[in-house]
Structures are given as C-alpha cells and as structure tokens.
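*Asks:* Give me the fold of what follows.
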Amino acid sequence: MNIFIRYGELVLKLGNRDVFEAKLEKNIKLAMKELRFDVVRYYGHMMLEIRDKNGELAIEKLKCIPGISNFSVMNEVLKLKYPKTPDQKWTKSVMNEVAKIMISEIVLRGKNKNLPKTFCVRVKRIQKNFPMGSSDMEAKFGELILNKFPKLKVRFDNPDITCHLILSDNRAYIYFDKILGLGGLPVTSSGRVISMISSGIDSPVAAFRMIKRGAKVIYVHFHSYPHTNASSQENVKEIVKILSKYQAGSNLNLVPFVEIQKAIMMAADPDLRVVLYRWFMIKIAQEIAENQNAKAILTGESLGQVASQTLDNIFVIDSASKIPIFRPLIGSDKQEIVDEARKIGTFEISTRPYADCCTLFVPKHPSVSANLEKVEAVAKKPLFRKLIKDALKNTESIFIESAV
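*Replies:* Below you'll find the predicted structure:
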C-alpha cells in the first residue's frame, strides 16, 4: 500500500518548516514501528509505503497523528522505464496506458455509486523528467476520458470526481479520495506540558487539544487511595491509553494526595478546602514539570463550571505556579466538551462511577471567591513542605502504550 501524506499549517512555517517536517516524519515512524514500512519526505508532503498486509492499521494510525492535514491511498498503476530520449510515441503509449486505468476506475466507481457528471484531472510531477508538463498532461487525460464518456463535463471547482496522478521514483500512482487527518502541529514541536488529569470528562479533552497543538503531554493524576477505592486510577490509565494513540505513548504519574487533604482539613476553614486542594495540586505539578523539563501546566477548567473555576478562585490558584497554566477549555460550553470527548473516545470511560480525590472532605458550601491572603497563610505552613516532598517521593510513574 502506498500513501500520499499532506501537511496543513506546517507549510506556513517558512524558515523552520524543515524542523517541523522532521518531527512529523519521526512521529510517523514511531506510530508505524510494528509495521514494515518506508517513508520518504519531500518538500511539502511525504510518501509512505506499507510493505505488509496491515494497510488498514496504518490508515487508522495516520488518522491519529497531529500535523497531517489529509492523506490518500494510492494505486501504483505503472512502472515507467524511461528511454534515453523519450519520444512522442513513448509518451503517447504511457498516456494511453494510464488513461485506460483512470477510465476503469471511473467505471468501477460508477457501479458503486451513480456515474459522476463532472470531473477533473490533477497531475503532480515529483519526478520532473516526463516530457510533458503537468497542465498539458491534465488537458490530455481529460480529452482521453471525454472520448470514453462524452456526457461527462470538466469542472475544476468541486467536481463530482477528481482523478489525481502522481509521478515519482519512476512510477505512476493514481488516487481519487482524501482521508481527513487531525491537522495541527507535530507532537514535540511545541515542547512539553504537564496535564493534571482526572478520570472526568474535561481534562482528557484539554489534553487532546494540546496534543493537537504539538505539545508532548505528561500526565499527573492525584488520588486519595486507600481512603477511596482505586477506580479513578484505573479509569485514568484507560483514558491515557486512548490519548496515547495521538502521541505514541505517554508517561502517567500517580500522586498520593490524601495526607495533604487531611492537613488542609485540619488547618483551613471548610469553605477554602477545594481551592487549597487545587493550589497544592498546582504546586506538585510544577515540581514534576521542573523534573520533566515541561514549561507549562495544563488543566481542564472551564470558567464558572464549578466553585473552584470562578475567576476569583482561578486567580488565587494561579498564585501557586511560577510557570504558565494553560486552560484550553476555559471558554467552552459543557456540551461542546462532551461532544469532543465522544469524538476522541474518552467519554464512556469518563462517565463510569469513580471516587475522585476532589470529592473527599468537601464542604457543603465551598467558596466561590477565596481570599488570597487566607489561602497563602495556610499554604505557607511548614508542615505542607514536608507533605509535598512525601507525595512526590511516593508518586508512581508508569509508561502507557498507545491503544492503536
């Protein structure tokens, strides 16, 4: 199977374009590591050859690689044996041979659907030694197809069918369809971020959005085991496994948090507990970020969705971090987030029953406008420095392979 891969916004990178393309090529190779394949990078596109029978698996993997705008499965229709001086007879013979295959493909498609009413032909000569230019070839192929189907009409803007011909490496390839990719930027091209991931709906979607923007996401999950059961940890492992198909595997850090929660319960007013939970989570995530060479923290917060996500409380929570905190969902409607969770495959897991550490020791009426001085007064108590160190020391780190 031969696949023609196109980029999206990578083509806008000008002087840095080669760096982004090299990262995308590396990510494709990582995703295809269990297959027999060969990938060649050209200016503006790549050619992927799958040399075993797992072509469908390769297609599914390509759909999940950020940086790919779309791709096409090509049929190799002819090996071109160029004479020393290609003459008109040789050129005509090749054109007729390729046109026959184009016509047979149009007939085949007409059996599965209605025969198209409009068409066009597009030619891309990666190898430039064919004696006709691309425009002349398009016109000639159009003429040969019209001879067979006189009722067809040529239409360049949104035709019913477009027949693409690519000349590369002494071969002629034909394809008709484009398969949509994720778009975005290649993973690692935007650095590393720490995702504070729960087993709920929002944070997996936030992580996915950052992966699409080229960030390598490292996951941190806070749990209250054994005061709660291990369901949140098991759910998060499944969620990260799904998200890992978008970045070829992921590191997950499972942080025990219950001792800090107990200390907060004893040291702070009940209405400040939830904000202090988030404050210390950010503090620990920042420590892990420094360890992992990550430059930002990522959360699934959406403005006003729950008490800890009011603007006043977000302002207070941000004071815990010296590095940026990204909130990709901050302006998103809940239904938008749910729809995206369904699309990426995490929704079903996120809606299972689970024991979340943030629900432990939660007051009936958490503050929606926490006082920064009061929060810092609690957070600066010497006991918490030791508890943070203990939590980091007892963090379990695991690597999770991709689900595809």
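*Asks:* which element is residue 25 on?
*Replies:* Assigned by DSSP states H and E, residue 25 falls within helix 17-31.
*Asks:* From the chain's centroid, how far away is that helix?
*Replies:* Chain-centre distance of helix 17-31: 13 Å, with CA atoms, centre = their mean, to the nearest Å.
*Asks:* Toward the C-terminus, what is the element adjacent to that helix?
*Replies:* Helix 17-31 is succeeded, C-terminally, by strand 37-42 (DSSP H and E).
*Asks:* thinking again about what came up before, could you figure out how far the helix holding residue 25 is turned away from strand 37-42?
*Replies:* Angle of helix 17-31 versus strand 37-42, following axes from the mean of the first three to the mean of the last three CA atoms, to 10 degrees, is 170 degrees.
*Asks:* how about helix 17-31: buried residues?
*Replies:* Across helix 17-31, burial judged by 16 or more other CB atoms under 10 Å covers 20-21, 23-25, 27-28, 31. Where C-beta positions appear, they are placed from N, C-alpha and C, glycine not excepted.
*Asks:* just checking, what's the longest helix in the protein?
*Replies:* helix 88-112 (DSSP state H).
*Asks:* what ranges do the strands span in the stretch 251-400 of the chain?
*Replies:* Using DSSP state E, counting those that start in this stretch, the strands found in the stretch 251-400 of the chain span residues 296-298, 325-326, 396-400.
*Asks:* need those in TSV with distance to residue 95, can you?
*Replies:* Listed next are the strands of the stretch 251-400 of the chain as TSV, based on distance: least, CB to CB, whole Å:
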stretch	distance to residue 95
strand 296-298	54
strand 325-326	54
strand 396-400	52
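*Asks:* Residue 248: which of the ones you listed is closest?
*Replies:* Counting by CB to CB, residue 248 lies closest to strand 396-400 out of the strands of the stretch 251-400 of the chain; the figure is 10.9 Å.
*Asks:* I'd like the average pLDDT over that closest one.
*Replies:* Computed over strand 396-400, the mean pLDDT rounds to 95.
*Asks:* And the one helix or strand in the chain whose mean pLDDT sits lowest, what's buried?
*Replies:* When each helix and strand of the chain is scored by mean pLDDT, DSSP states H and E, helix 88-112 comes last, with a mean of 86. Neighbour counts over helix 88-112 (16+ other CB under 10 Å) mark 94-95, 98-99, 101-103, 105-106, 109 as buried.
*Asks:* which of those sit farthest apart?
*Replies:* Greatest spatial distance among those (CB to CB): 94 and 109, at 23.0 Å.
*Asks:* returning to what we had before: tell me which other helices or strands the helix or strand just after the least confident helix or strand of the chain touches.
*Replies:* Sequence-wise, the next helix or strand downstream of helix 88-112 (DSSP H and E) is strand 118-125. When contacts are defined as 3 or more CB pairs under 8 Å, 6 or more residues apart in numbering; DSSP states H and E, strand 118-125 sits against helix 134-148, strand 153-154, strand 161-168.
*Asks:* Distance-wise, check the spatially most distant residue from the centre of the chain relative to residue 165.
*Replies:* Within the chain, the residue lying farthest from the chain centre (CA atoms, centre = their mean) is residue 89, at 48.8 Å. Distance, residue 89 to residue 165, using CB to CB, to the nearest Å: 20 Å.
*Asks:* ditto for residue 314
*Replies:* 55 Å.
*Asks:* neighbour-wise, which of the two wins?
*Replies:* Neighbour count, other CB atoms under 10 Å: between residue 314 and residue 165, residue 165 has more, with 24 against 19.
*Asks:* Look up how far residue 368 lies from that one.
*Replies:* 62 Å.
*Asks:* Quick one: residues contacting residue 75.
*Replies:* Neighbour list for residue 75: 2, 101, 105, 173-175 [criterion: CB atoms under 8 Å, 6 or more residues apart in numbering].
*Asks:* Recalculate using a threshold of 6 Å.
*Replies:* Contacts for residue 75 (CB atoms under 6 Å, 6 or more residues apart in numbering) come out as residue 174.
*Asks:* looking at this, it is in a helix?
*Replies:* No. Membership of residue 75 in a helix is not supported by DSSP: H, G, I helix; E, B strand; the rest coil, which gives strand.
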